[in-house]
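>>> Let me see the structure of the following:
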Amino acid sequence: MITQNDFSLSGADGKLIIGDITFDEKNPNTPIILFVHGFKGFKDWGAHNLVARYFASNGYRYIKFNLSHSGVPTDHPKDVTDLETFASNTVSKELFDVNAVLDYIEKAYGADTKVNLIGHSRGGGLSIIEAANDLRIGKLITWSAIADFSSLWKKEQEAEWKKNGKIFVTNARTKEQMPLNVSLLKDFEENEATLNILEAAKRVNIPWLIVQGDDDVNVPFETAQQLADANPASRLVKIEGANHVYGASQPYTNETLPPLLFKVCEKVLMFLEEA
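Below you'll find the model as predicted:
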């Protein structure tokens, strides 16, 4: 029987990280997958729970969580509504959170536990940096990963951002204007070397599967090619006709995975099963 257990821990600036672990009760000691969501995403977005069930039914313990400054409050976990917290997010805070969850996994399952890390979009960028620096990661899988954190805003916005202290991004679904404080830009500028995804990509020396749709308007296929070129040992898989979220949506009410996301899961499973 597939079970989902919740957990919570302290994240960046003492903000709460909430997460869940999906597993088959018949197989308690199974390999671990940790999923890191992207910008404006969260652990229960779209078909993420169906993905968790897919891997749990195929012999994995699937762990996902909300980054502490994702803007998704514990009492309303289905959308980004805490815009004050969302605005104060930085990439360094997100890396702190990923590390905190890896520490939690190490404590719960032992120091020898290797984690298979999946990151989507901005979460893919975080995962590349983590995999380049953390020996606890056994295999890396990126879905529609960015290759530069500053690709999430326009260069010409930076002067206005520094002057006004914030810029706004649009929530594509609700059309709401979502603020981003200048601390995000300052953090990136102050830690540019540490947060250089392409440089980190060169240092990834574990098996790495790069998954990318060729109909992605958010992250073009060339970005995946850039990542693959930075690390010739990686493997790039093109998903024909796939958008940024492989056919999922929020809310997602179907009881089965979107066909293209199912294909992604199959490719990942094959990669994980390799010796």
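>>> rest of the way, CA atoms for contacts and neighbours
Will do.
>>> tell me which residues in stretch 30-45 are buried?
31-38, 40-45 (16 or more other C-alpha atoms under 10 Å).
>>> can you map out the helices along the stretch 1-150 of the chain?
Applying DSSP state H, counting those that start in this stretch to the stretch 1-150 of the chain gives helices spanning 48-57, 83-87, 91-109, 122-133.
>>> Figure out which of those helices is closest to I197.
helix 122-133 (6.1 Å; C-alpha to C-alpha).
>>> Counting by contacts, list what that closest one packs against.
strand 32-36, helix 91-109, strand 115-120, strand 137-143, helix 197-203 (3 or more C-alpha pairs under 8 Å, 6 or more residues apart in numbering; DSSP states H and E).
>>> Looking at the longest one now, give me its mean pLDDT.
So the one you mean is helix 91-109. The average pLDDT for helix 91-109 rounds to 98.
>>> which residues touch it?
9-13, 17, 36, 67-69, 112-113, 126, 130, 136, 149, 184, 187-188, 195 (C-alpha atoms under 8 Å, 6 or more residues apart in numbering).
>>> Tell me which entries of those lie within strands.
Using DSSP state E, the subset of those located in strands is 9-10, 17, 36.
>>> Bridged to the residue nearest to D6 when sequence neighbours are not counted, which residues?
Among residues not flanking D6 along the chain, D20 sits closest, at 4.2 Å (C-alpha to C-alpha, 6 or more residues apart in numbering). With DSSP bridges applied, the residues forming beta bridges to D20 are D6, K64.
>>> okay but D20 is in contact with K64, surely?
Yes - counting by C-alpha atoms under 8 Å, D20 touches K64, with 5.7 Å between them.
>>> And the residue lying farthest from the centre of the chain, what's its pLDDT?
In the chain, K163 marks the outermost C-alpha relative to the chain mean, sitting 30.5 Å out by C-alpha atoms, centre = their mean. pLDDT, K163: 96.
>>> Provide the backbone phi and psi angles at it.
phi -70, psi -50 (degrees, to the nearest 10).
>>> Excluding sequence neighbours, find me the nearest residue to S234.
W208 (4.9 Å).
>>> That neighbour and Q157: what is the separation?
According to C-alpha to C-alpha, to the nearest Å, W208 stands 34 Å off from Q157.
>>> So which of these two has more stuff around it?
A side-by-side neighbour count of W208 and Q157, using other C-alpha atoms under 10 Å, places W208 first with 25 against 12.
>>> Contact partners for that one?
By C-alpha under 8 Å, 6+ apart, W208 lies in contact with 139-142, 233-235.
>>> Go again with 7 Å.
139-141, 234-235 (C-alpha atoms under 7 Å, 6 or more residues apart in numbering).
>>> Kindly state the beta-bridge partners for it.
Assigned bridge partners for W208, using DSSP bridges, are L140.
>>> Next, find the distance separating it from K139.
6 Å.
>>> again, but for F55
Counting by C-alpha to C-alpha, the gap from F55 to K139 is 15 Å.
>>> Check E273 too.
For E273, the distance to K139 equals 11 Å [C-alpha to C-alpha].
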